[in-house]
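In: Got a predicted structure plus its sequence, pasted below:
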Amino acid sequence: MHISIIGTGYIGSVTGACFADMGHHVIFVGRDQKKLDLIRAGKSPIFEPGLDQLLTKNRKNIETATDLSETVQRTDLTFICVGTPPKKDGSSDLSQVEVVSKTIGKSLGSHTKYHTIITKSTVLPGTAEDFIIPLLEKESGKKASVDFGISSNPEFLKEGTAVEDFFHTDRVVIGVQDQRTREILETLYSPLNVPIFTTTIRTSEMIKFASNAFLATKISFANEIGNLCKASGIDSYDVFTGVGLDTRINPKFFRSGLGFGGSCFPKDVNALIAHARSKGIDPIILHSVIETNEDQPRRMIDLLKKHLDPKGHTIGILGLAFKPDTDDIRESRAIPVIRLLLQAGAKVSVYDPEAMGNFRELFPDISYAVSGLEVLASDAVLIITEWKEFESLDYHGKLVIDGRRIEKALREAAVYEGMCW
Ligand code: NAD
C-alpha cells in the first residue's frame with residue numbers, strides 16, 4: 001500500500017519505518033526539513049534503538065515531503081501522527097490535528113481514488129466523530145465511510161523499545177464505522193500475527209486513555225505502597241515481587257521510585273480528568289494518581305536533606321531522559337528535581353547518555369558533565385533514570401539517593417537511600 005505518515009516525531013517516525021519494513025511505500029510528511037533530510041538519509045530524527053537500521057534498510061520504500069495535500073493524492077492511507085499536547089486546563093490541544101484534518105479534507109475533495117484516514121495521535125473519546133470527521137466532510141464535500149474511510153488506531157508502543165513493540169505488540173486496536181475500512185486496516189496489520197481488536201471509533205479512543213490511566217495508576221499505587229514500605233523499613237521491590245506473582249495482578253509496572261514522566265502518562269491522565277469533569281464526573285482515583293506522582297521528587301529531596309543541606313553543595317544528577325533508551329525529556333522527573341535543588345541553593349552537575357542536547361534548551365545554566373564518572377565527583381548523587389551504563393559506575397564512598405534502584409549503587413555507596421526501599 002501507499003501510506004502517508006503525518007508527523008515525524010516519536011510515533012510518526014517509528015510507525016512509518018515499520019510500515020516500510022513491512023513492504024509498504026511510505027511518504028513521511030513533516031514541517032521540519034532537517035528531520036526529513038535525516039529520514040531521507042536513512043537516519044532517525046530521534047534516539048530510538050533499531051530505528052536508524054530500519055530507515056537505512058528500507059530507504060527504497062521511503063520518501064519525504066512537505067506538501068500534505070499532494071501526498072494524500074499519491075497514497076491510499078494517511079496516518080495522523082501529530083502532537084496532541086496539553087492545554088493549561090489539562091485538556092488536549094487539538095490545533096495540530098485540526099490543521100492537518102482541514103488540509104486532508106481539501107485534498108480529498110479532488111481525490112478520485114478511495115482514501116482512508118487513520119488517527120494514531122492520542123485523542124479523547126468522541127474526537128473523531130465530533131471534530132475530525134466534520135472537518136474532513138466540510139472541507140471535502142464528501143461523506144465519511146461512504147466516499148472515504150475513517151479509522152482510529154491508537155498506539156501503545158513504548159519509547160526505548162518502540163520498534164520491538166510495533167512488531168510484537170500485545171494487541172492492535174482498530175476503531176471503525178464501516179466494513180470496507182475494517183477490511184483495509186485488518187489487512188494492513190494481519191502480517192504482524194498479533195491479536196487485533198476491532199471496535200467502534202469512540203471505544204478505541206477510550207481504550208487508549210483507559211490503558212494509560214491504568215498503567216499510571218499502577219505506578220502511583222506502587223509508589224504509595226513504596227513510600228509506606230520505606231517508612232516501615234521494608235523493601236518494596238520484594239513486596240511487589242510477591243504481589244506480582246499473582247497472575248491476576250502481573251509483575252509489570254511495579255517499579256516504585258521517583259514516578260512517571262514522558263509525553264503520555266501525565267498528559268493523558270490529565271486529559272482524561274478534564275474530560276471526566278466536562279461530563280460532570282469527579283475522577284477521584286485519577287486525581288490521586290497525579291498527586292502521588294507529583295510528590296515523589298519532593299520526597300527525593302527530603303531524603304537528600306537527611307544527609308546534606310543542598311545549599312552551596314554540588315549535587316550530581318545521573319539521567320535526564322524520562323526513561324532509559326530515549327532522548328525524550330518531556331515531563332522527565334529530572335525537571336522538578338533540578339528545580340527543587342536550584343531553589344534550595346544547590347549547584348547542579350548533570351549527565352545523560354542521550355538527552356543532554358534536549359535538556360540544555362530547558363536548563364542552559366546548569367553544568368553538563370561529559371560522563372557519569374564526572375557527576376560522581378559531586379557532593380551527592382541523585383539517580384533519576386535507570387540507564388544501563390549507570391550499573392557499571394563505581395559508587396564506593398559516595399552519597400547516593402536512588403530514584404530507580406541501581407543495584408550497584410545500593411551495594412557500594414557509603415551512604416545510600418533508595419526512594420521506596
Ligand atoms: P512529537 O511531538 O514527537 O511529534 C509530533 C510531530 O508532528 C512533530 O514532529 C511535529 O512537527 C509534527 N507536526 C505537527 N503538525 C504538523 C503538520 N501540520 N504537518 C506535518 N507535521 C506536523 O509527538 P509524539 O510523541 O510522536 O506523539 C504524537 C502523538 O502520538 C500524540 O498524540 C501522542 O500522545 C501519541 N502517542 C505518543 C506516544 C509516545 O510514546 N511518544 C505513544 C503513544 C501515542
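Out: Arrived safely, thanks for sending. Numbers count the residues shown, from 1 in each chain.
In: Sticking with the residue nearest to Gly90 when sequence neighbours are not counted, tell me its helix or strand.
Out: Leaving aside its chain neighbours, Gly90 sits nearest to Asn270 (3.6 Å; criterion: Cβ to Cβ, 6 or more residues apart in numbering). (Glycine included, C-beta is placed from N, CA and C.) Per DSSP states H and E: Asn270 is located in helix 265-278.
In: Kindly report the same for Glu48.
Out: Applying DSSP H and E, one finds Glu48 in no helix or strand.
In: Pull the number of nearby residues for it.
Out: Under the neighbour criterion other Cβ atoms under 10 Å, Glu48 is assigned a count of 24.
In: dump the residue contacts of the residue in the chain positioned nearest to the ligand.
Out: Relative to the ligand, the nearest point of the chain is Gly9 (1.8 Å; Cβ to the nearest ligand atom). The neighbourhood of Gly9, defined by Cβ atoms under 8 Å, 6 or more residues apart in numbering, consists of 45-46, 81-83.
In: cool, Leu362 as well?
Out: Neighbours of Leu362 in contact, by Cβ under 8 Å, 6+ apart: 329, 335.
In: Tell me the secondary structure at Val99.
Out: Three-state call for Val99 (DSSP: H, G, I helix; E, B strand; the rest coil): helix.
In: Distance check, it against Glu361.
Out: 24 Å (Cβ to Cβ, to the nearest Å).
In: related to what we said a few turns ago, verify the stated contact: the residue nearest to Gly90 with Lys88.
Out: No - under the criterion of Cβ atoms under 8 Å, Asn270 makes no contact with Lys88, lying 10.4 Å away.
In: Do a quick rundown of the helices in the stretch 251-400 of the chain.
Out: Counting by DSSP state H, counting those that start in this stretch, the stretch 251-400 of the chain has helices at residues 265-278, 284-305, 334-343, 356-362, 372-375.
In: Packing partners of the shortest one?
Out: Spelled out, that is helix 372-375. When contacts are defined as 3 or more Cβ pairs under 8 Å, 6 or more residues apart in numbering; DSSP states H and E, helix 372-375 packs onto strand 314-318, strand 347-351.
In: Now do the same for it: mean pLDDT, whole number.
Out: When pLDDT is averaged along helix 372-375, the result is 98.
In: Adding mean neighbour count and distance to the ligand, write the helices and strands packed on helix 372-375 out as TSV.
Out: Output for the helices and strands packed on helix 372-375, formatted as TSV (neighbours: other Cβ atoms under 10 Å; distance: least, Cβ to the nearest ligand atom, whole Å):
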stretch	mean neighbour count	distance to the ligand
strand 314-318	24	23
strand 347-351	22	22
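In: now for those, which one comes closest to Gly257?
Out: Of all the helices and strands packed on helix 372-375, strand 314-318 sits nearest to Gly257, with 13.3 Å by Cβ to Cβ.
In: contacting residues around the closest one?
Out: Outside strand 314-318, the residues that touch it by Cβ under 8 Å, 6+ apart are 304, 334, 337-338, 341, 346-352, 367, 369, 372, 375-385, 387, 390, 393.
In: angle of it against helix 284-305?
Out: Between the axes of strand 314-318 and helix 284-305, defined by axes from the mean of the first three to the mean of the last three Cα atoms, to 10 degrees, the angle is 130 degrees.
In: pLDDT on strand 314-318, on average?
Out: Average pLDDT, strand 314-318: 98.
In: Next: stretch 258-278.
Out: The pLDDT scores in stretch 258-278 average 97.
In: can that stretch be found next to the ligand?
Out: Yes - on the criterion Cβ under 6 Å from any ligand atom, stretch 258-278 is in touch with the ligand at 263-264.
In: where are the low-confidence patches of the stretch 301-421 of the chain?
Out: Scanning the stretch 301-421 of the chain for pLDDT under 70 picks out nothing.
In: Export stretch 325-337 to PDB, keeping only CA atoms.
Out: Provided in PDB are the C-alpha atoms of stretch 325-337 (Å, rounded to 0.1, in the frame of the first residue of the first chain):
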ATOM      1  CA  ASP A 325      17.000   4.300  25.800                       C
ATOM      2  CA  THR A 326      15.300   7.600  24.700                       C
ATOM      3  CA  ASP A 327      16.400  11.200  24.400                       C
ATOM      4  CA  ASP A 328      12.900  12.300  25.300                       C
ATOM      5  CA  ILE A 329      12.800  14.700  28.300                       C
ATOM      6  CA  ARG A 330       9.100  15.600  28.200                       C
ATOM      7  CA  GLU A 331       7.800  15.600  31.800                       C
ATOM      8  CA  SER A 332      11.000  13.900  33.000                       C
ATOM      9  CA  ARG A 333      11.300  13.700  36.700                       C
ATOM     10  CA  ALA A 334      14.700  15.300  36.400                       C
ATOM     11  CA  ILE A 335      12.900  18.600  35.700                       C
ATOM     12  CA  PRO A 336      11.100  19.000  39.100                       C
ATOM     13  CA  VAL A 337      14.100  17.500  40.900                       C
END
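In: is any part of it close to the ligand?
Out: No - for stretch 325-337, no contact with the ligand is found by Cβ under 6 Å from any ligand atom; the gap never falls below 7.0 Å.
In: centre of the chain versus that stretch, how much separation?
Out: Distance of stretch 325-337 from the chain centroid (Cα atoms, centre = their mean, to the nearest Å) equals 11 Å.
In: Would you mind listing what in the stretch 101-250 of the chain touches the ligand?
Out: Within the stretch 101-250 of the chain, the positions adjacent to the ligand are 121-122, 155, 157, 159 by Cβ under 6 Å from any ligand atom.
In: Are any of the contacts of strand 314-318 buried, and if so which?
Out: Listed as buried from the contacts of strand 314-318 are 304, 334, 337-338, 341, 346-352, 367, 369, 372, 375-376, 378-385, 387, 390, 393; burial here means 16 or more other Cβ atoms under 10 Å.
In: residues contacting Asp325?
Out: 47-49, 159-161, 354, 387.
In: Near the spatially closest residue to Glu164 that is not a sequence neighbour, how many other residues are there?
Out: In space, and not counting its chain neighbours, Glu164 is closest to Gly50: 7.0 Å by Cβ to Cβ, 6+ apart. Other residues lying near Gly50 total 17 when counted by other Cβ under 10 Å.
In: Perfect, I'm done here.
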